[in-house]
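**Student:** here is the input, now give the coordinates:
(chains A and B)
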Amino acid sequence: SFTYNLVFGSLCKIGKIKGAKNLYGRMTKLGVVGNVVSYTSFIVALCREKNLVEAKMVFSEMLEKDVSPDVVTYNTLIHGFCGNGQFEDALKMVTEMIAHGINPDIVTYTTVIKGLCKERKVEEALELLNVMNHQGLHPDKFTYSILFDGLCKDGRLDDAVRLFNDMKGSGFGDDIVCYNTLIDGFCKMGDMEGAYRLFEEISEKGLERGVVTYNTLMDGYCKIGKSEVARELLCDMERCGLGPDVVTYTTLVCGYCKEGNLEQAGHLLDEMICRGLEPDGITYRVLADGIRRKGVFQEAEGLLYHSK
RNA sequence: ACGUGGGUGUA
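**Tutor:** Model (predicted):
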């Protein structure tokens, strides 16, 4: 049984959902009962596939077998429902966990806050922040980054910055994801000065910029027609020992396409392939779109052929 | 022993 749980958990974790389902069936037949952890891992895997129906079934089965779900199990389902646009079901799970005497923790609150942001109910998300504070549960870097993102995407960059100052005051404020989120907020507003200020602040704080940091800033420059500046940032990131990824190149390709510079776009596509980076569907869509806009269909064949 | 939440590219 110990071994079953271990193997089962591993299968779920590495996304071998088919194998996990298989083993689950065999375990059921043999009467081997999983523990909370393996059940939860299974539910995580199902939620990742957006298979909330089966996730909920497995949840019911664990109840039938008297394996009590814990806060992690509930959080997993709540997250799954939120990510699948089933916010109401997520809330039902919250009610249910409370009814079973399991207290929502910081992850529960943060997950629901994210769900609310996704529903464009940022104001309610902020209210929930208040509620959790009242419960003595204090927001962490996850909670903050989610709220920054929600506020920025709702056009409330100023409020995000205010909240960032609160965060700094409470001793956090040194999280790279929070910086990236806010940099994106500034970029999306076209405020590259603000974005760059935060970009510099990262180093001042002794934090390390990541690939996402660069990608975000680069996209900001591309969006205002300064792809050349973005390209210089690519050199900069490499000097810092950061390897560009598909997103980096797609961002640049997109920038040049928007400027109508298909030559540079094509050159960057070559470059990324030469470096062993695989263009994905988005890369090709960006290119196809850029080419279509220019009306050079012959080039499409050339570029696509070349990239094979 | 093992399981849950955050950021970047395409209209």
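**Student:** would you check that residue A:107 makes contact with residue A:73?
**Tutor:** No: Residue A:107 lies out of contact with residue A:73 (Cβ atoms under 8 Å); the separation is 11.6 Å. In short, each C-beta sits where N, CA and C put it, glycine included.
**Student:** the more surrounded of those two?
**Tutor:** residue A:73 (24 against 19; other Cβ atoms under 10 Å).
**Student:** the more buried one reaches residue A:41, doesn't it?
**Tutor:** No: judged on Cβ under 8 Å, residue A:73 makes no contact with residue A:41 at a distance of 9.9 Å.
**Student:** what is the burial count for residue A:9?
**Tutor:** Neighbours around residue A:9, by other Cβ under 10 Å: 21.
**Student:** buried ones in the helix or strand it falls within?
**Tutor:** Assigned by DSSP states H and E, residue A:9 belongs to helix A:2-13. Of the residues in helix A:2-13, A:4, A:5, A:8, A:9, A:11, A:12 count as buried by neighbour count, 16 or more other Cβ atoms under 10 Å.
**Student:** same question for stretch A:82-96.
**Tutor:** Result for stretch A:82-96 [16+ other Cβ under 10 Å]: buried residues A:82, A:83, A:84, A:86, A:87, A:89, A:90, A:91, A:93, A:94.
**Student:** again with stretch A:18-28
**Tutor:** A:20, A:21, A:23, A:24, A:27.
**Student:** wait, doesn't residue A:227 sit right on residue A:251?
**Tutor:** No: using Cβ under 8 Å, residue A:227 makes no contact with residue A:251, being 9.1 Å away.
**Student:** for residue A:189, which non-adjacent residue is closest in space?
**Tutor:** residue A:157 (5.6 Å; Cβ to Cβ, 6 or more residues apart in numbering).
**Student:** about what we covered before: so which of the buried residues of helix A:2-13 are also by RNA strand B?
**Tutor:** Contacts with RNA strand B are made by A:5, A:9 out of the buried residues of helix A:2-13, judged by Cβ under 7 Å from any atom of the strand.
**Student:** quick check: the farthest pair among the buried residues of helix A:2-13?
**Tutor:** A:4 and A:12 (12.3 Å; Cβ to Cβ).
**Student:** for residue A:77, give me its contacts.
**Tutor:** By Cβ atoms under 8 Å, 6 or more residues apart in numbering, residue A:77 lies in contact with A:43, A:47, A:55, A:56, A:59, A:90, A:93.
**Student:** show the contacting residues for the third one.
**Tutor:** Residue A:55 is in contact with A:43, A:46, A:47, A:77, A:80, counting by Cβ under 8 Å, 6+ apart.
**Student:** for the second one, give me phi and psi.
**Tutor:** When you say that, I think you mean residue A:46. phi -70, psi -40 (degrees, to the nearest 10).
**Student:** what is the burial count for the residue nearest to residue A:189?
**Tutor:** Residue A:157: 19 neighbours (other Cβ under 10 Å).
**Student:** equivalent analysis for the one 10 residues further on, please.
**Tutor:** Residue A:167 has 22 neighbouring residues, counting by other Cβ under 10 Å.
**Student:** please identify the helix or strand for it.
**Tutor:** helix A:157-169.
**Student:** which one's more surrounded, residue A:227 and residue A:251?
**Tutor:** residue A:251 (29 against 25).
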